[in-house]
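[1] Provide a 3D model corresponding to the input given below.
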Amino acid sequence: MTPGLEVLQGLNPPQREAVETIQGPLLIIAGPGSGKTRVITHRIAYLVRVCGVSPYRIAAVTFTNKAAREMRDRLQRLVGGSSNSLTVGTFHAFCALMLRRDGAPIGLDPHYSIYDSDDQLALIKRSMELADLDPKRHHPRSVQSVISKAKSVLMDSGALAQQRENYFEEVCARVYHHYEELLSRNNAVDFDDLLMKAVQLLQESQDVRERYQQRYQYLMVDEFQDTNVAQYRLARLLTGEDRNICVVGDPDQSIYSWRNADIRNILSFQQDYPQAKTITLEQNYRSTGTILEAAKSLITANGMRLHKDLFTENEPGVPITVHEAYDEQEEAEFVISQISQLVRENGHKPGDCAIMYRVNAQSRALEEACLHQGMQYRLVGGIRFYHRREVKDLMAYLHLLHNPQDEVNLTRVVNVPPRGIGAKSMQELVRWSQRENISLYTAMGRIAQARQQGEQCPAPLPSRAASSIANFCDIVQRLVQQSTQLPVVELIDQVLEDSGLRHHIQSGDDQPEERWENILELRETAREFNAEQPPDGLATLLERLSLVADVDSYEDSENSITLITLHQAKGLEFPVVFIVGMEEGLLPHSRSMDSETELEEERRLCYVGFTRAERRLYLLRAFRRGFMGSSGPTMASRFLREVPEHLIAAASRKVPAPAVRIPAVSTSYGASGASGWPSNKTPPAPPAAPRISLQTGDLVRHSTFGEGVVMECTPSSDDHEVTVQFSEVVGVKKLLLSFAPLEKLEG
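    The predicted structure follows:
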């Protein structure tokens, strides 16, 4: 056998064809469980070991650190030490490194900070203050969402202002302008900037663009259906004249439009690259025949997709269980009792089982059931480690040492531990620094310098506050100097000591032992970067931790079941999957009801849930569910009716007679309409509601969702569709005016 050709062994014909196609653009449509990671890694190994391509010339980008880590591990086994020269990582990590090394042409200092969502929100609120906007009328998170969407399509504040479609977007453009200025002043970028500025760099600097195109002769993009406009533009800019771009994905698993993913990228790839070859991976190695047939039946109802005929050589397996509980408590108890039975009678381990749901709030009843029945569980996406207060405080100090112009992190720790610098003094200092047109850190430096020289404080501050600010500045200046000399672990120890943070945590009355253990865990994480030359170790640590996602820390555990949202479950697989909350308004979500495009994404989300299951699939709904402060009867999800009856086991059904008279829901779901009503009947029309006249900016009250602000009101058939921004918890809702119990408020 020719040396290296063993990388082709064990591949089915389409997989082998994909691995051996190395010239020109290539689109791989990879169904769930079809071995796409295997194809990507074996294609890279084929390029290196058979075609003689230098690993230095190959880049592979994906969406999560977990996926990138798995890819690197496989490549280590396939190509050995050569894998160290490969570029394998997430889009954001790739861009962060590019900007750190080559961002000078677009004015980006290499010591920039990467702001997480909390930091971004803090800066959005400050930007709204500068724009003289009331956060009660225009919720900061909604503004943040509009700005993020604009950046995903490469629009700066000027472009958003020119292309605004409504009053709210005009407001957001004003905030965006101030937000850009504050980011620049802080020498900081947000997650969206990593992509947007990388595209800007490649577009504006021919030298940088040609250098990257010459280096990366082969580019592979995983999960291509999840790319947004900026990511696709980046991939095209990185692809040189040879156009050796290989994209791998599945339109049927595109579930991140709320993160601005654009399914049109994969659907139009062949138009952008007319000479592209398309290979479809249709054999599923993960699921039983029954589960796969159910998934296929579900997804065929969608129109925005590329045809593929999934099949498997796996055994049919057991039928799908559909269960109707009375409420969410009974639903949760049924799930946990079923897991206990599977462990007791079928040889499963608790770690084989995952419970998936549409929204995080559904985990409450499940957690209570686990605790009640003594079942160990792991909640993915709960209180994240890097968002814990003590961890955020230490990270803020480290960010400040790396980038002293970072005012968000400076204001976070200026009085942590308490050192007599109150909010009023900080407000006065901020105003003075703005009048002097200097950064906050520079302002503090002037105060410290005045004290050293025995001069009067230049800022209008009380003497005690001025002295405390000068002391804090002295500490930071010493630590900044040490950050260029000390390895990162020793630097962390010095920060904990000099700042007083260690004593503050260990002497506190709020779980000091647990909080200190979290600090030690972060310190241990930093050890990986201790060998790097200062200050590079600190920069690499901060960059890595800024890009951590919830699912990145997911590791298999035999003794704990997994509680996880359907969105977070993407890329994972489990022998047993329970999907709870299969009800209209929940799955599909109520926000999708007025848009066929959004409804199709909800179906894709359900499809992703189905295809995470290897051997057993349970679909559950509750007859009544308490949600968003209300409780009432529910209707079965239309997705249940799209599962063929012959694939479903006899469903257990324990629904007491309801207190109110509503149409019964068929246990088999075969005789019910999409909404759960009998197919030969229509739901009773709602009582006519008195019409009110609404326009953008009006304050309204909803009987369930509370008070909100009208963002848009547009005609829809013989009705009006009104878009309302409610509280942060409720979010944005689209409502039909004739149905919605809205009351117009004065003022």
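[2] from here on, just use CA atoms for contacts and neighbour counts.
    Noted.
[3] so, low pLDDT: which residues of the chain?
    1-4, 381-385, 549-557, 627-631, 650-691, 703-704, 716-719, 727-731, 738-739, 747 (pLDDT under 70).
[4] longest helix in it, by residue count?
    In the chain, taking DSSP state H as the definition, the longest helix is helix 463-483.
[5] would you map the strands across the stretch 201-350 of the chain?
    With DSSP state E, counting those that start in this stretch, the ranges of strands along the stretch 201-350 of the chain come out as 218-221, 245-249, 277-281, 321-325.
[6] which among these is found nearest to residue 61?
    Nearest of the strands of the stretch 201-350 of the chain to residue 61, taken as C-alpha to C-alpha: strand 218-221 at 5.1 Å.
[7] what packs against the closest one?
    strand 58-62, helix 229-238, strand 245-249 (3 or more C-alpha pairs under 8 Å, 6 or more residues apart in numbering; DSSP states H and E).
[8] parallel or antiparallel, list what pairs with it.
    strand 58-62 (parallel), strand 245-249 (parallel) (DSSP bridges).
[9] following the first one in sequence, what is the next regular element?
    Following strand 58-62 in sequence order, the next helix or strand is helix 65-79 (DSSP states H and E).
[10] any idea how far that next one is from the chain center?
    22 Å (C-alpha atoms, centre = their mean, to the nearest Å).
[11] what's the angle between that helix and strand 58-62?
    Here helix 65-79 runs at an angle of 150 degrees relative to strand 58-62 (axes from the mean of the first three to the mean of the last three C-alpha atoms, to 10 degrees).
[12] please save the CA atoms from helix 65-79 in PDB.
    Only the C-alpha atoms of helix 65-79 are listed here, as PDB (Å, rounded to 0.1, in the frame of the first residue of the first chain):
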ATOM      1  CA  ASN A  65     -13.700  24.900  21.400                       C
ATOM      2  CA  LYS A  66     -15.000  21.400  22.100                       C
ATOM      3  CA  ALA A  67     -15.300  20.600  18.400                       C
ATOM      4  CA  ALA A  68     -11.900  22.100  17.700                       C
ATOM      5  CA  ARG A  69     -10.300  20.100  20.600                       C
ATOM      6  CA  GLU A  70     -11.800  16.900  19.300                       C
ATOM      7  CA  MET A  71     -10.500  17.700  15.800                       C
ATOM      8  CA  ARG A  72      -7.000  18.300  17.100                       C
ATOM      9  CA  ASP A  73      -7.000  15.100  19.100                       C
ATOM     10  CA  ARG A  74      -8.000  13.100  16.100                       C
ATOM     11  CA  LEU A  75      -5.300  14.800  13.900                       C
ATOM     12  CA  GLN A  76      -2.700  14.100  16.500                       C
ATOM     13  CA  ARG A  77      -3.500  10.400  16.100                       C
ATOM     14  CA  LEU A  78      -3.500  10.600  12.300                       C
ATOM     15  CA  VAL A  79      -0.500  12.800  11.500                       C
END
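[13] now name the helix or strand holding residue 492.
    Counting by DSSP H and E, residue 492 is found in helix 488-498.
[14] can you map out the strands along the stretch 551-700 of the chain?
    Going by DSSP E, counting those that start in this stretch, the stretch 551-700 of the chain shows strands at 561-565, 574-579, 613-622, 624-627, 630-633, 699-702.
[15] of those, which is nearest residue 34?
    With C-alpha to C-alpha as the yardstick, what comes closest out of the strands of the stretch 551-700 of the chain is strand 613-622 (12.7 Å).
[16] before we move on, back to that, save the strands paired with strand 218-221 as a markdown table, and put in mean neighbour count too.
    A markdown table is the format used below for the strands paired with strand 218-221 (neighbours: other C-alpha atoms under 10 Å):
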| stretch | mean neighbour count |
| --- | --- |
| strand 58-62 | 23 |
| strand 245-249 | 24 |
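[17] dump these into TSV; add distance to residue 602 as well.
    Putting the strands paired with strand 218-221 into TSV (distance: least, C-alpha to C-alpha, whole Å) gives the following:
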stretch	distance to residue 602
strand 58-62	23
strand 245-249	18
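[18] from residue 706, how far out is the residue nearest to residue 616 when sequence neighbours are not counted?
    Distances taken as C-alpha to C-alpha, 6 or more residues apart in numbering place residue 576 nearest to residue 616, at 4.8 Å, with adjacent residues excluded. Separation of residue 576 from residue 706 (C-alpha to C-alpha, to the nearest Å) stands at 39 Å.
[19] compare the two (neighbour count), which wins?
    residue 576 (22 against 12; other C-alpha atoms under 10 Å).
[20] list the beta-bridge partners for the more buried one.
    residue 353, residue 616.
[21] quick check: chain neighbours aside, which residue is closest to residue 254?
    Per C-alpha to C-alpha, 6+ apart, closest to residue 254 is residue 225, 5.4 Å.
[22] what about the one you found, neighbour count?
    By other C-alpha under 10 Å, 25 other residues sit near residue 225.
[23] looks like it contacts residue 260 (just checking).
    No - counting by C-alpha atoms under 8 Å, residue 225 stays clear of residue 260, with 11.3 Å between them.
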